[in-house]
Every structure is written in C-alpha cells, then in structure tokens.
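>>> quick one: sequence and predicted model below, then my questions.
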Amino acid sequence: MSLYQLNVSEGLLEPVMIAAFDGWVDGGRAGTLAAQALAEAGTSVATFNTDMLYDYRARRPVLDIIDGKLVELDWPKLELTATRVGSKDLLVLTGPEPDYRWHEFREGVIGLARQLKVSSWVSLGAIPATVAHTRPVPILGTSSAPGLLPEGVTQGPVGNLRVPAAALSVLELSAAEVGIPAIGFYAQVPHYASGAFPTAALELLKRVGQYLDLELPVGELPGQALETRSLLDAAVAGDERTSAYVKRLEEMSDEARLPAGDELIADIERFLRDRGGDDGGNQGGGLPN
C-alpha cells in the first residue's frame, strides 16, 4: 500500500511548503488553526493513507448520531493542499500528527517536496509558556541558516534544549538536510488557557506573511480571537489567585523578560502532566475556553 496518493503535480511554481500537525507542539491548536486558514480555499495535491499512520484507538473517528440513527463517520485526515496567495504558490500540509511510520512519512513528504520543487519549508507550532493572554503573543523561531527569520522573531532559546521531538521537527530538519531552506515559527501560548487560542494563530500567520512578503488570509480567526479573549478575561477576573498570577505575567512581559531555557523545560513538563490522556485539542491548564 502506498503512503500517499498524488492528485495534482502540475502548475506549481517554486511553492513554499507550510506544515502544522494537531497534537504535539500545537498548544492552543495555534499551528493547525493557522494552517487550516491557509488551506481553506485550496486544492488537494496529495492525501495520505491514514490507515498506515494512525492508531484509531487513540485518534478515534467521530460518529454522528441523529435521532438514534448512525449517520456519518468523520475520519482523521492528513492532506497536502495547494493555494495561491498573490503570485506565490503555497503547499499546506496539515492534519493529526502521525502515530506510526515516521521514517516512511519523512521520506514520503521530503520526496514530495523535492518532486514539487519546493523552494522553502515553514513549520508552524506552539508551546505552552509563562505568558499572559493580555499581551502580544511571543514567537520563537528556528532556522536552518542565519538570516532566514524575519525581523522581530527571536531564534532560540539560546543553548542546548533537549525535548521530545515532534514529527513536524523531523520534517523541518530533513528538509534542511536535502538543501531546502527551512524555518519554524512557534507561538508561546498561555499555559493556563485550555482549548484553542486563535490569537496565536493570527500571530503565526502575521509572521509567515512577513517572511513571504504577503498578506495572508485569516478566515474567521479574528472573530474567534476576540471571543476567546472575552472568555479568558471573564474567567481570570472571577478568580483572585489567577488574576494576581496573570498580572505578574503582564509585568514580566512589560519588562521584556523572556522565559529562560529552564523555564521553557518546566513549561513543557507541566504541559505533559496536564495533557494526560487528552487527544491533543486541550493543551493547557484549567481555565475554560
């Protein structure tokens, strides 16, 4: 069985591949929300064989039941979509992070990237961090060579940070190894906020647009971001301890003190504990979304 089915391969001019996976390194679903906004009006280029990639006991298909009748199953989908923004072709790879066959998946995706003459690689992700939802979303960057990241994106963290790898990072590294310039944008989302955090998705799209010198589509993200902000404001105001904690985070942000490497590690460890048996959509602390 083939790992993927190629649907379209013609008419693309030096496309940029943008990737984001639901699950690991997708705090607040920021990366996948941004990728979905880009892919919304696109054309399918390739679809991946999910039977080979997913454990359906961990990522169960969603079943619709209407008036006691089983109506429809919504299966996990991993797809490469082509869209054009201005004069630039974009290839958006998004879906749940694969459970199996990472080596084969890497070879398949990088093979597609070379076949389609991808000019650069962009990863989108997010990590829970000690930041306030009331302040601009900080973005950390990775890059395969100096000078690739746009102004305002901090490359880092500084030093050796050893963390569990994501499939997204495997692909970014592999793209660089075959000579495709590769960068990553990783939003820092408030670790106390559960559920989606569309504000971070908007910031990721802003940075990608800055990198590509394009104004990217954002879909319904602005409205969703305003709604999420309102809900978080109300939840924080209703708890004195949380309110004091967020105020301290605001002071840290205003002082421009970014979390150090050991703080980032602590955030990731807390993320692992809090995530527990979650399916990846609820990656944060205890406040409602």
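Arrived safely.
>>> now do the helices in the chain.
Assigned by DSSP state H, the chain shows helices spanning 30-39, 50-53, 102-115, 167-177, 198-212, 221-237, 240-254, 261-275.
>>> so what pLDDT did the closest residue to A201 other than its chain neighbours get?
For A201, ignoring the flanking residues on the chain, the nearest one in space by Cβ to Cβ, 6 or more residues apart in numbering is L33 at 3.8 Å. C-betas here are computed from N, CA, C, even on glycine. The model reports L33 with a pLDDT of 98.
>>> burial of L33, as a residue count?
Burial of L33 is recorded as 30 neighbouring residues (other Cβ atoms under 10 Å).
>>> L149 now?
Residues near L149, counting by other Cβ under 10 Å, number 21.
>>> quick one: residues contacting the residue lying closest to it once chain neighbours are set aside.
What sits nearest to L149 in space, not counting adjacent residues and going by Cβ to Cβ, 6+ apart, is G141, at 4.3 Å. Contacts here follow Cβ atoms under 8 Å, 6 or more residues apart in numbering; on that basis G141 touches L149, V153, T154, Q155, G156, I183, G184, F185, Y186.
>>> need the contact list for the fifth one.
Contact analysis of G156 by Cβ under 8 Å, 6+ apart lists L140, G141.
>>> then the third one?
For T154, the set of contacting residues under the criterion of Cβ under 8 Å, 6+ apart consists of P138, I139, L140, G141, L258.
>>> would you mind confirming that the first one is in contact with A129?
Yes. Judged on Cβ atoms under 8 Å, P138 makes contact with A129 at a distance of 7.4 Å.
>>> what sits opposite I127 in the beta ladder?
I127 forms beta bridges with Q188, as assigned by DSSP bridges.
>>> ok, now how distant is A167 from N160?
When distances are taken as Cβ to Cβ, to the nearest Å, A167 and N160 turn out to be 22 Å apart.
>>> between those two, who's got more neighbours?
Neighbours per residue (other Cβ under 10 Å) separate A167 from N160, with A167 holding more: 21 against 6.
>>> just checking, the more buried one touches P96?
No. Under the criterion of Cβ under 8 Å, A167 makes no contact with P96, lying 9.8 Å away.
>>> overlap in contacts, the two.
Contact criterion Cβ under 8 Å, 6+ apart; residues shared by A167 and P96: F21.
>>> so what's the residue nearest to Q115 when sequence neighbours are not counted up against?
Nearest non-adjacent residue to Q115, counting by Cβ to Cβ, 6+ apart: S9, 6.9 Å away. Contacts were defined as Cβ under 8 Å, 6+ apart; by that measure S9 touches V45, Q115, L116.
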